[in-house]
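*Asks:* structure of the sequence below:
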Amino acid sequence: PVSVARLVMERTPHVLLVGAGATAFAESQGVQLLAAEDLVTVAAQKQWEQMAEFPAAVNSLFNRDTVGAVALDKNGHLAAATSTGGITFKRAGRVGDSPIVGSGCYADNEVGAISCTGHGESIMKVTLARHVLQHVSAGQHPGIACERSLRYMRRRVGGCGGTICIAPNGEAAIAFNTPRMVWACMRGES
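*Replies:* Next comes the predicted model:
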């Protein structure tokens, strides 16, 4: 979860912890762990069982539960966070794009902040977050940079997804090349 990622950032010299090491670190920081069965609803279990009957069709399903956020505070600090539901029937040990710096998420006070969603393998192959912010740092509006990078990902690796991005000057944008992407924007207190 994002709260543990922040603890890794603030309390260790590391960028990424995974597996048993991440679990041990979270426990050492007082994070309450949940049993795996507490993370799966009855409806999700039924859906998984239905999908298991049609594995070929499942290959087209991905990232149905990603939540991303970008923020610019009153002091000019940028932040980005991404949490994903992942891919159904993924291989044990697979790490998706969300925790990979420059792929699913990135923030730099001098360039911008971005959160991505979509087909994780495609996002990682083109380092989508880095690609978008490279264009923003060259002076492109975040919306143009997001659209351009999504087109690039589609052309290079056939991937699709969505992005939310904000520049240090407060210009914000969303873009997606999927059928839909739920999003919201808030400025100030409203």
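
*Asks:* going forward, measure contacts and count neighbours with C-alpha atoms only.
*Replies:* Fine.

*Asks:* which residues touch the helix of greatest length in the chain?
*Replies:* Under DSSP state H, the helix in the chain containing the largest number of residues is helix 142-157. Under the contact criterion Cα atoms under 8 Å, 6 or more residues apart in numbering, helix 142-157 has outside partners 122-123, 125-126, 128, 131-133, 135-136, 159-167, 171-177.

*Asks:* buried among these? Make that a PyMOL selection.
*Replies:* Selection of buried members from the contacts of helix 142-157 for PyMOL, criterion 16 or more other Cα atoms under 10 Å:
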select buried, resi 122+123+126+128+131+132+133+135+136+159+160+161+162+163+164+165+166+167+172+173+174+175+176+177
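
*Asks:* now, the contacts of helix 142-157 that are in helices?
*Replies:* Judged by DSSP H, the contacts of helix 142-157 include Ser122, Ile123, Lys125, Val126, Leu128, His131, Val132, Leu133, His135, Val136 as members of helices.

*Asks:* okay, the last one: pLDDT?
*Replies:* Looking at Val136, its pLDDT stands at 97.

*Asks:* isn't it right up against Ala167?
*Replies:* Yes: counting by Cα atoms under 8 Å, Val136 does reach Ala167; the two are 7.3 Å apart.

*Asks:* tell me the mean pLDDT over stretch 28-48?
*Replies:* Rounded mean pLDDT across stretch 28-48 is 85.

*Asks:* from the middle of its chain, how far away would it be?
*Replies:* Chain-centre distance of stretch 28-48: 20 Å, with Cα atoms, centre = their mean, to the nearest Å.

*Asks:* check contacts around Gly76.
*Replies:* Asn109, Pro168.

*Asks:* host element of Val8?
*Replies:* Val8 belongs to helix 2-11 when assigned by DSSP states H and E.

*Asks:* does anything pack onto that helix? Which helices or strands?
*Replies:* Using 3 or more Cα pairs under 8 Å, 6 or more residues apart in numbering; DSSP states H and E as the contact test, the elements touching helix 2-11 are strand 78-83.

*Asks:* list the contacts of the strand it packs on.
*Replies:* 1-2, 66-72, 98-99, 104-109, 112-116, 168.

*Asks:* coming back round to it: joint contacts of Val136 and Ala167?
*Replies:* Val111, Gly112, Pro142.

*Asks:* tell me how far the last one lies from Val40.
*Replies:* In this view, Pro142 and Val40 are 36 Å apart by Cα to Cα, to the nearest Å.

*Asks:* compare those two and say which is more crowded by neighbours.
*Replies:* When Pro142 and Val40 are compared for neighbours, Pro142 comes out ahead with 28 against 10, by other Cα atoms under 10 Å.
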